[in-house]
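> Give me a 3D structure for the following:
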Amino acid sequence: MNNAHTHTPHHGASHRHHHEHAMDGQAEILDLDAEILAEHTDSITAWLPLQTAPHHIVDLGCGTGAGTFALLNHFPSAHITAVDASAEHLQRLRTKACTRGLQERVHTVQADLDEATWPDLGSPDLVWASASMHHMAHPDRALRTVHSALTPGGLFAVVELAGHPRFLPENAPADRPGLEERVHAAADRRQAEHMPHRGADWGPMLTAAGFTVEGERTIAANLEGSRSEAIGRYATGVLQRIRGVIADRLSPEDLTALDQLLDTSSPHSILRRDDLTVRTERTVWAARRT
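I've put the predicted structure just below:
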């Protein structure tokens, strides 16, 4: 879940045969997200108000490892327990760890963090949760569990996204200007129904769970698309996943325009545009178990 932007709700059998493909698409988005926003993730890890370098880190909802590898890089003596519900994401993470010679420093645990009882994650001195807390049905319970697991003086870093990233200029596409904002508005309404904690202020919830919030910081990214063809693939992947959730909420004209952007063989394809940017915001809360 680490930096996943859109999670398609699965209702019944009609969605099940799409599930493996959807998970694969999500994994690719997570990998692109890690690549494109690497310097922003690094700046968050560097900002954390740690008293000493952590030895044992837990990455909750680690996805394919964007946070895991940033933390391993920043804290060369630490080892990490990477936790996620997806076996496929964890397998990708292990493969990357082996490729980078880091397998001795990473231990993966497959677990659903909405379960009342979590697996034993040891006594970490840093817990990292990026874009994962808002998925939880009972985040207050999860916060208390993290508080009790942390060593005294340990730090909990909660990183959350301010909605989905934006890619297109406001006047795009030419025949349906403002399309992206309408797509995002529909996605926000749909996700508010399924994930009421998305966009929440985690400060008061952390305090209620017994933490002392020691810092909060919002980092804005605004990256020129010309820097990387990966941004075109990232934009296509993110908007493709959003389309899967909100197609029934768009006007026929908007849906047609969106499908033209997503059709990689179309002259209107996102991949053919030279005016893409990545515009997104992340907020991090640093909370200590005192």
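> Buried by neighbour count: which residues of stretch 127-138 qualify?
127-136 (16 or more other C-beta atoms under 10 Å). The way it works is simple: take the backbone N, C-alpha and C, and place the C-beta from them, glycine included.
> Most distant residue from the centre of the chain?
residue 175 (31.7 Å; C-alpha atoms, centre = their mean).
> Any idea how many residues pack against the residue nearest to it when sequence neighbours are not counted?
Distance criterion C-beta to C-beta, 6 or more residues apart in numbering; nearest residue to residue 175, sequence neighbours excluded, is residue 257 at 6.4 Å. Other residues within reach of residue 257, judged by other C-beta atoms under 10 Å, total 22.
> ok, now which ones touch residue 257?
Residues near residue 257 by C-beta atoms under 8 Å, 6 or more residues apart in numbering: 173, 175-176, 179.
> Farthest-apart pair in the residues you listed, please.
175 and 179 (9.1 Å; C-beta to C-beta).
> Strands along the stretch 1-150 of the chain, start to end?
56-60, 79-84, 106-110, 126-130 (DSSP state E, counting those that start in this stretch).
> Please dump the ones you listed into a markdown table; it should also carry mean pLDDT for every row.
Conversion of these to a markdown table gives the following (pLDDT from 0 to 100):
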| stretch | mean pLDDT |
| --- | --- |
| strand 56-60 | 97 |
| strand 79-84 | 97 |
| strand 106-110 | 97 |
| strand 126-130 | 96 |
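> could I get those strands as a markdown table with distance to residue 241?
Formatted as a markdown table, those follow (distance: least, C-beta to C-beta, whole Å):
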| stretch | distance to residue 241 |
| --- | --- |
| strand 56-60 | 22 |
| strand 79-84 | 18 |
| strand 106-110 | 22 |
| strand 126-130 | 18 |
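> which regions of the chain sit below the pLDDT cut-off?
1-25, 192-199, 225-228 (pLDDT under 70).
> just the helices in it please.
13-36, 38-47, 66-74, 87-99, 139-149, 179-194, 202-208, 229-246, 252-262 (DSSP state H).
> what about the ones you listed, which gets the closest to residue 117?
Of all the helices of the chain, helix 139-149 comes closest under C-beta to C-beta, at 9.0 Å.
> List the buried residues in the closest one.
139, 142-143, 145-147, 149.
> Return the member of the buried residues of stretch 127-138 nearest to residue 76.
residue 128 (16.2 Å).
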